[in-house]
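**Q** Got a predicted structure plus its sequence, pasted below:
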Amino acid sequence: MAFLSSKNTDLFSSSFCLSFYYHMYGKHIGYLAVYSQKRNSGWWSKRWARSGNQGNQWIKASVDITGNIKSGIVIDIEASKGSRGNRGDIAIDDITLRTGSCN
């Protein structure tokens, strides 16, 4: 499993748009997911997920994330390989986070 986290970043807004490109190709692909939480709350909310082989291509994802102006939020991107074998790769690129919705 691999994590990319915003834990040491101050994110104070009512909404965010997280966009990135992902590549999930191979026989043994697990999942790729985006989670958010109100800072220090301990409760994670899944905002987006894909699993399995998505083809040999880069795909753009845009994820609306509700923010918290008072305490801030934390965003985590999590990737996991499949349960058997090592034939597959998950990659992300060109990650952008901006205030406001993705629309």
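**A** Received the coordinates, thanks.

**Q** how about Ile77, what does it touch?
**A** Going by Cβ atoms under 8 Å, 6 or more residues apart in numbering, Ile77 touches 3-5, 20, 32-35, 92, 95. (Each C-beta comes from the backbone N, C-alpha and C, glycine too.)

**Q** Recalculate using a threshold of 7 Å.
**A** Counting by Cβ atoms under 7 Å, 6 or more residues apart in numbering, Ile77 touches 4, 34, 92.

**Q** Quick check, pLDDT for the first one.
**A** Read that as Leu4. Note on Leu4: pLDDT of 89.

**Q** what's the neighbour count on it?
**A** Residues lying near Leu4 (other Cβ atoms under 10 Å) number 13.

**Q** quick one: what helix or strand has the closest residue to Lys81 other than its chain neighbours in it?
**A** Once flanking residues are discounted, Lys81 sits nearest to Gly30: 4.8 Å by Cβ to Cβ, 6 or more residues apart in numbering. In the assignment (DSSP states H and E), Gly30 maps to strand 29-38.

**Q** Check the offset of whatever helix or strand comes next after that strand from the chain's centre.
**A** Heading C-terminal from strand 29-38, the first helix or strand you meet, by DSSP H and E, is strand 45-51. Chain-centre distance of strand 45-51: 7 Å, with Cα atoms, centre = their mean, to the nearest Å.

**Q** what angle sits between strand 45-51 and strand 29-38?
**A** Here strand 45-51 runs at an angle of 170 degrees relative to strand 29-38 (axes from the mean of the first three to the mean of the last three Cα atoms, to 10 degrees).

**Q** Good, we can wrap up now.
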